[in-house]
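A.B. asks: Quick one: sequence and predicted model below, then my questions.
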Amino acid sequence: MADGPKHRLGELMERSNPQFEAVMSCVFGIEDHETRTYLAVLEQPGCTIDELTGSLDRDRSTVNRSLATLDDRGLVSRDRRLLDGGGYVYQYTAIALPEVKTMLHEALDVWTETVHGVIDDFDGERETE
């Protein structure tokens, strides 16, 4: 993951039984519509923005921004395909779900280790800001 997403793990703590999509959004620090975009690309390997706008019922600029975010997070890849009549189109492919699950587990493990460290390091003194 590029610069590292802003995790929203606190949101998961508030839910007793979160859905996979909510976990993915919170852990990767992406919006729910971006998670839906990932799942759509997962179902349609090699899809284009125009194909996704129809299946997601979103406008082109929103889908384009979602794909850029997913690409930044390492969740989709983008390849350029040359068109017969000249020019090109970008095609998107989702990173395989097992790999994404591994990424989710790793991110949660790092967060858990950090929280355990905070607990272990606490000496009873309250910090002042």
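C.D. replies: Great, that's in hand.
A.B. asks: Check which residues of the helix or strand where Arg65 lies are buried.
C.D. replies: Counting by DSSP states H and E, the secondary-structure element that holds Arg65 is helix 60-72. Judged by neighbour count (16 or more other CB atoms under 10 Å), helix 60-72 contains these buried residues: 63, 66-67, 69-70. C-beta here means a position set from N, CA and C on the backbone, and glycine is covered the same way.
A.B. asks: next one: stretch 101-119
C.D. replies: Under the neighbour-count rule (16+ other CB under 10 Å), stretch 101-119 has 103-104, 107-108 buried.
A.B. asks: Quick one: mean pLDDT for that stretch?
C.D. replies: When the per-residue pLDDT values of stretch 101-119 are averaged, the result is 91.
A.B. asks: coming back round to it: report the angle between the helix or strand following the helix holding Arg65 and helix 60-72.
C.D. replies: Beyond helix 60-72 in the direction of the C-terminus, DSSP H and E gives the next helix or strand as strand 76-82. Between the axis of strand 76-82 and that of helix 60-72 there is an angle of 120 degrees, by axes from the mean of the first three to the mean of the last three CA atoms, to 10 degrees.
A.B. asks: Which strands border strand 76-82, and is each parallel or antiparallel?
C.D. replies: Strand 76-82 has the following sheet partners, assigned by DSSP bridges: strand 88-94 (antiparallel).
A.B. asks: The following helix or strand past the partner strand: how far from the chain's middle?
C.D. replies: Where DSSP H and E defines the elements, the next helix or strand beyond strand 88-94 is helix 97-121. If you compare the mean C-alpha spot of helix 97-121 with that of the full chain, they lie 16 Å apart, counting by CA atoms, centre = their mean, to the nearest Å.
A.B. asks: which helices and strands does helix 97-121 pack with?
C.D. replies: The helices and strands touching helix 97-121, judged by 3 or more CB pairs under 8 Å, 6 or more residues apart in numbering; DSSP states H and E, are helix 20-28.
A.B. asks: Show me which residues of the helix it packs on are buried.
C.D. replies: Of the residues in helix 20-28, those buried (16+ other CB under 10 Å) are 22-28.
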